[in-house]
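Student: coords below, sequence missing:
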């Protein structure tokens, strides 16, 4: 079982790279908005109820996939490196797969803010993430998060054997996915 965790700031291309990686491998894509947008029909993700339900659905999916005959899972996540709770969450979900003999691959994406602001409006993003269709709100969220959190690691901060950091500023999603596939021999 392979668990590929693709993380980085909003609109860096996590889902799109995950889509391309899924095409190149037998891995299934589970992008973070699959649960966020489901729960948003009932509770805003910013609420206690919304966060609890998103977490519950994700953990149940991770548990079932980790026990399954699937080759693996690609999951996307915005990791705030300044929040201990995010570090703990990454460890928790990694342990779900590692406890069953799975291998976790950590893929960090980074791109310039201006590039992310452009990617925030792409048709693919808006098609797959209904909560991002309010562009004004989505852009304000990107700006606010940038002010309040550190969404990329500093050199040497992540001490994982299966880790790669890719600046995909000038790379297509397909090129980035190929780099990941080749690096980890997926």
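Tutor: Good, I have the coordinates. This is a predicted model, so every value here is computed, not measured.

Student: quick one: contacts of the biggest helix by length in the chain?
Tutor: Longest helix in the chain, counting residues (DSSP state H): helix 48-67. Applying CB atoms under 8 Å, 6 or more residues apart in numbering, the external contacts of helix 48-67 come out as 1, 3, 28, 30, 35-36, 38-40, 42-45, 72-73, 75, 93, 96-97, 99-100, 102. C-betas here are computed from N, CA, C, even on glycine.

Student: now, which of these lie within helices?
Tutor: 35-36, 38-39, 93, 96-97.

Student: Could you identify the most distant pair in those residues?
Tutor: 39 and 97 (23.1 Å; CB to CB).

Student: Strands of the protein, residue ranges please.
Tutor: Ranges of strands in the chain, per DSSP state E, are 2-7, 28-30, 72-77, 103-110, 163-167.

Student: In its sheet, which strands sit next to the second one, and in what direction?
Tutor: In this case it means strand 28-30. Here strand 28-30 is paired, per DSSP bridges, with strand 72-77 (parallel).

Student: Kindly report the same for the last one.
Tutor: Sheet pairing for strand 163-167, assigned by DSSP bridges, gives strand 103-110 (parallel).

Student: I'd like the average pLDDT over the partner strand.
Tutor: Model confidence over strand 103-110 averages 98 on the pLDDT scale.
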